[in-house]
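Colleague: Quick one, what's the 3D model for this:
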Amino acid sequence: MTTLPAKTEKKLGLVIDLDTCVGCHACVISCKGWNTENYGAPLSDQNAYGADNYGTFLNRVHSFEVQPEGDAAAQLIHFPKSCLHCEDAPCVTVCPTGASYKRVEDGIVLVNESNCIGCGLCAWACPYGARELDQAEGVMKKCTLCVDRIYNENLPEEDRQPACVRTCPAGARHFGDLGDENSDVSKLVAERGGMDLMPEQGTKPVNKYLPPRPKDEMPEFDVLAPFLQPVAEEPKGFLGWLDKTLEKL
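Modeller: Numbers count the residues shown, from 1 in each chain. As a prediction, this is how the structure comes out:
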């Protein structure tokens, strides 16, 4: 079994904004692409183009329709999920070979694939379903926070962050040291009321989620109202002719 470090020098992790995530799956695709090309062993797919297909992913996005309390309109919430690099990671302590471990220098939870026997105990222990068995390789796979990117000095500085963060078109994913209260991610968590996923499990996840805000309460967009009014009461010229023609259809 592997023991957890009493303390880590950093707590590198992700802050995911559920208010701005649009469910485009760009993070899923970029994660799959980067880790298939650069991971210790590729993230394989089985019968990828057949009816009974199955693949290994380190990041997935689930979508839920949520009905807030009161008369607020229902919201579609897109929920990205990957390893949360927990401080008290049960996947590490349950591993019989020591393949799963948590790094002292940055708190990232990794798998030594050479020692992994694919028993699946870590998947059973993880309350978030963040581990997957690669059927082709016979070992467990999980998010690595792109450890091969964030320390790679051969990459431009702006690329030294997880592929999912670098790719997100909505800016819904943020990366940094959540152990530093002065870091950008820690300030973001404090300002927006960032929360743990399933805190009752006692795993102390490093990754945080920023809750979605009610869409009916966004007065800051009222400044756009004057610009959304029709330019003319009655369209003229070609637009007037087109309007009348469409009315007859």
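Colleague: Off-centre distance for stretch 69-77?
Modeller: Distance of stretch 69-77 from the chain centroid (Cα atoms, centre = their mean, to the nearest Å) equals 23 Å.
Colleague: scratch that, stretch 75-91
Modeller: 8 Å.
Colleague: Spatially, and excluding backbone neighbours, which residue is closest to the residue nearest to the spatial centre of the chain.
Modeller: With distances taken as Cα atoms, centre = their mean, the residue of the chain nearest its centroid is Pro80 (4.1 Å). Among residues not flanking Pro80 along the chain, Val61 sits closest, at 4.9 Å (Cβ to Cβ, 6 or more residues apart in numbering). All C-beta spots, glycine's among them, are computed from the backbone N, C-alpha and C.
Colleague: do Met198 as well
Modeller: Met198 sits nearest to Pro127 (Cβ to Cβ, 6+ apart), 5.9 Å away.
Colleague: Can you give me the first-to-last residue distance of stretch 16-30?
Modeller: Taking Cα to Cα, to the nearest Å, stretch 16-30 runs 16 Å from one end to the other.
Colleague: do stretch 21-29 as well
Modeller: 15 Å.
Colleague: shift numbering so it begins at 22
Modeller: Taking 22 as the first residue, the last one we looked at is stretch 42-50.
Colleague: Show residues contacting it.
Modeller: With contacts defined as Cβ atoms under 8 Å, 6 or more residues apart in numbering, stretch 42-50 is touched by 78, 80-82, 84, 97, 99-101, 184-186, 188-191, 193-194.
Colleague: For it, buried residues please.
Modeller: Neighbour counts over stretch 42-50 (16 or more other Cβ atoms under 10 Å) mark Cys42, Gly44, Ala47, Cys48, Val49 as buried.
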